[in-house]
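>>> here are the coordinates; sequence isn't available:
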């Protein structure tokens with residue numbers, strides 16, 4: 001079953017599902033039918049349960065909520081602005097040092113403000 005909310009993406013990740021796959025499936029659903037209800041429920045924090053990447057996922061969910069809300073003309077949910085949804089150190093989606101400058105330039109504002117540096121099409125789906 002495809003997640004219909006960002007909170008469901010977090011819940012599935014806590015159950016051992018692939019965060020990346022769940023997020024892509026959510027994006028497919030959201031772009032098919034954008035709705036405030038898909039963004040409003042606050043996802044549970046993943047940082048303690050998934051110590052390797054949970055903190056990044058928490059920030060990524062918030063950035064996704066803000067970016068999608070802006071794209072669809074919806075309100076960004078308040079939970080997306082929580083201090084616990086921002087990274088203290090920069091995280092780059094690509095590990096090659098030579099590509100970091102590209103990510104610094106391309107990264108959408110919703111991601112940059114949370115210290116996440118991703119490609120400009122990080123939330124694109126075909």
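Thanks, I have the structure now. All values derive from a computational prediction rather than experimental measurement.
>>> Looking at this structure, name the residue that lies furthest from the middle.
residue 98 (23.9 Å; Cα atoms, centre = their mean).
>>> Let's see the pLDDT reported for it.
pLDDT for residue 98: 85.
>>> roughly how far apart are it and residue 90?
Going from residue 98 to residue 90 by Cβ to Cβ, to the nearest Å gives 16 Å. To be clear about C-beta, it is placed using only N, CA and C from the backbone, and glycine gets the same treatment.
>>> And residue 17, by the same measure?
27 Å.
>>> what distance separates the longest helix anywhere in the chain from the middle of the whole chain?
Identified as the longest helix of the chain according to DSSP state H is helix 54-72. How far helix 54-72 lies from its chain's middle: 4 Å, per Cα atoms, centre = their mean, to the nearest Å.
>>> Just say helix, strand or coil for the residue farthest from the centre of the chain.
Assigned with DSSP: H, G, I helix; E, B strand; the rest coil, residue 98 falls in the helix class.
>>> The one helix or strand in the chain whose mean pLDDT sits lowest - contacts with which helices or strands?
When the helices and strands of the chain are compared on mean pLDDT, DSSP states H and E, helix 100-106 comes out lowest with a mean of 93. On a contact count with 3 or more Cβ pairs under 8 Å, 6 or more residues apart in numbering; DSSP states H and E, helix 100-106 meets strand 116-117.
>>> So what's the gap between the strand it packs on and the chain middle?
For strand 116-117, the distance to the chain centre is 10 Å (Cα atoms, centre = their mean).
>>> which residues touch that strand?
With Cβ atoms under 8 Å, 6 or more residues apart in numbering as the test, strand 116-117 has contacts from 56, 59-60, 63, 87, 90-93, 100, 103-104, 107, 111.
>>> Mind picking the one among those that's closest to residue 49?
residue 56 (13.3 Å; Cβ to Cβ).
>>> Isn't that closest one up against residue 92?
No. In this structure residue 56 lies outside contact range of residue 92 using Cβ atoms under 8 Å: 10.4 Å.
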